[in-house]
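**Q** below: sequence and its predicted model.
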Amino acid sequence: MNKLQAMEVFVQVVDAGGFTRAAENMKLPKATVSTLIQSLETSLAVKLLHRTTRHVSVTADGAAYYERCLRILSDVREAEESLSRTRLSPSGRLRVDAPTGLASEVIVPALSDFFARYPDIQLELGCSDRPVDLIEEGVDCAVRGGALGDSSLIARRVGILHFVTCATPGYLNQFGRPTHPNDLLRHRCVNYFSARTGKIYDWDFTRDGERVQVALPGHIALNDSNAYTAAGLAGLGIVQMSKLMMEPMLKDGRFESVLDDWVSDPLPIHVVYPQNRHLSAKVRVFVEWVAELFSNHPGMRLPKNVARAPSFEVAI
């Protein structure tokens, strides 16, 4: 018995609701379909299907085996796809998750180029600052910033974000301009907290070898980049955001930078995906496209020694 063929036949029988239609769909004799199912049940020593003269239904064991078969057959198709000519023209649904700011400012404006290259991919792009569970939520890959802690994923570093501390002219006129990070303790500051842990992030600064890390009291904390920016624009306090997001608003005067001689720690950006999906052609081309997109963006380029590394793809 060809086990993979038997699995395909079993899945077809369950999906079609009977042997006759499954045989027609697969262009096989009905007797062959019946024999393969019987052989499969014999080899597994379980009953997969309830059969009557008019109806076929799946058993509890059969339902569990059906789900396993779907995953196995999907993995086999993806492995074949990665080695075939379809690698040059991947297709199908691709689910991606990305932080709101990066999605709106960098990824979405460039998607016309992605679709021009890969017209047969149907992209579903989730945009939030909440870290998703890729396996649980069925996401193929995600763009993530900061430290990585999920050991079940593969990660590729694709960019870096730099930060600027700023406030509205109205706020600075009312409360003054800080000249040292410790001055922020006397100011109103808008904090950002982790959507996963609820922890409020400290603010960090470095200048000429001096490093300052402060936990700032604040009357508001947010966990979404768009809401965070809106709070700053509303004059609720000093904010610390990526230069990528702030640049247009600094240029048009809605924000003014402060503490310009102090540097905050940059944030590494990775694309992560489950280990069992790393052969998928559609995931591969999206990861390569994002890496190229970020490498060409002036606000996200990696240092040359990182960008030119032969491999920056690691299990985390």
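**A** Yes, it's here.
**Q** going forward, measure contacts between C-alpha atoms and count neighbours the same way
**A** Noted.
**Q** need the next SSE after the helix or strand harbouring Ala155, C-terminal direction.
**A** Secondary structure assigned from DSSP states H and E places Ala155 in strand 153-161. Next along the chain after strand 153-161, taking DSSP H and E as the criterion, comes strand 163-167.
**Q** tell me what that next one is packed against?
**A** Other elements packing on strand 163-167 under the criterion 3 or more C-alpha pairs under 8 Å, 6 or more residues apart in numbering; DSSP states H and E are strand 239-242, helix 243-251, strand 256-258.
**Q** and the ones you listed: which comes nearest Ser91?
**A** Judged by C-alpha to C-alpha, the one of the helices and strands packed on strand 163-167 that comes nearest to Ser91 is helix 243-251, at 31.6 Å.
**Q** list the buried residues of the closest one.
**A** Along helix 243-251, the positions that meet the burial threshold by neighbour count (16 or more other C-alpha atoms under 10 Å) are Lys243, Leu244, Met245, Met246, Leu250.
**Q** and it, how far out from the chain's middle?
**A** 24 Å (C-alpha atoms, centre = their mean, to the nearest Å).
**Q** ok, and what's touching it?
**A** Under the criterion C-alpha atoms under 8 Å, 6 or more residues apart in numbering, residues Gly101, Glu105, Leu161, His162, Phe163, Val164, Phe255, Glu256, Ser257, Gly299, Met300 lie in contact with helix 243-251.
**Q** related to what we said a few turns ago, could I get the helices and strands packed on strand 163-167 as CSV with distance to Cys141 and mean pLDDT?
**A** As requested, these are exported to CSV (distance: least, C-alpha to C-alpha, whole Å; pLDDT from 0 to 100):
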stretch, distance to Cys141, mean pLDDT
strand 239-242, 23, 91
helix 243-251, 22, 89
strand 256-258, 34, 95
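**Q** can you list those in a markdown table and add distance to Gln38?
**A** Rendered in a markdown table, the data for the helices and strands packed on strand 163-167 read as follows (distance: least, C-alpha to C-alpha, whole Å):
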| stretch | distance to Gln38 |
| --- | --- |
| strand 239-242 | 61 |
| helix 243-251 | 61 |
| strand 256-258 | 73 |
